[in-house]
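Novice: sequence? don't have it. structure:
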């Protein structure tokens, strides 16, 4: 790679997108805002979503962007058109000049539908650690609770001691609090991705210095 292209790669590596993530059908709205490098792959973007929603990546998933689907390679596509491998596409590859909207589906049974909106793209802070959580409201639903309808039925049972399924809901949810976003846990999860990225940035800069040095 030429020195000019190497420098361009570093500049792109430091570009950051602010992304708002909304859980469709939730009321009150469950949402997060994150800052992520545009150099991450869509697979890593999936990892970020799993972390900020406090899910465990136990189910199938896919992105839909401008009529194309992205996900993991699959032997069977569940009756849908083949997916582009998410690990081969970077976020910057799908960004539009104006607003970029990305649909994300997790768990083809419960069908958690999330809408991602890229609200800003800019240079990242020189000493910043990305990805990082900026803000968010309300805990995401626990996995395997039946999608949006099952989630709210579960909360109704939990809130009403006279509900015939109250005891079962209380036991199943354990210490789950629908109003709490566990920022410490989310921050720890995102830091693992950030640490890998920071190490790659150091290698990229070192290679640039080796190629452009005296």
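Specialist: Done, it's in. What you see is a predicted model, and the numbers here were worked out from it, not measured in a lab.

Novice: Give me the buried positions along the longest strand anywhere in the chain.
Specialist: Secondary structure of the chain read by DSSP state E shows that its longest strand is strand 112-123. Neighbour counts using 16 or more other CB atoms under 10 Å place 112, 113, 114, 116, 118, 121 of strand 112-123 among the buried residues. Every C-beta, even on glycine, is put in place using the N, C-alpha and C of the backbone.

Novice: farthest-separated two in these?
Specialist: 112 and 121 (26.1 Å; CB to CB).

Novice: What segments of the chain are strands?
Specialist: Remark: strands assigned in the chain by DSSP E are 15-23, 31-37, 61-65, 68-71, 84-85, 100-106, 112-123, 132-137.

Novice: how many neighbours does residue 25 have?
Specialist: Applying other CB atoms under 10 Å, we find 15 residues neighbouring residue 25.

Novice: tell me the pLDDT at it?
Specialist: Confidence at residue 25, expressed as pLDDT, is 98.

Novice: Test my guess that it contacts residue 152.
Specialist: No: at 9.2 Å, residue 25 and residue 152 do not qualify as touching, with contact defined as CB atoms under 8 Å.

Novice: ok, back up a step: so for residue 92, which of the strands of the chain sits nearest?
Specialist: Comparison of the strands of the chain against residue 92 by CB to CB identifies strand 15-23 as nearest, at 6.9 Å.

Novice: Counting by contacts, list what that closest one packs against.
Specialist: Secondary-structure packing of strand 15-23 (3 or more CB pairs under 8 Å, 6 or more residues apart in numbering; DSSP states H and E): strand 31-37, strand 112-123.

Novice: Give the burial count for residue 104, as a bare number.
Specialist: Neighbour tally, residue 104, other CB under 10 Å: 24.

Novice: List the beta-bridge partners for it.
Specialist: Residue 104 has these beta-bridge partners by DSSP bridges: residue 63, residue 114.

Novice: Also residue 31?
Specialist: So, taking DSSP bridges as the rule, residue 31 has residue 22, residue 137 as bridge partners.

Novice: Surely it and residue 24 touch.
Specialist: No: with contact defined as CB under 8 Å, residue 31 and residue 24 do not form a contacting pair (10.5 Å).
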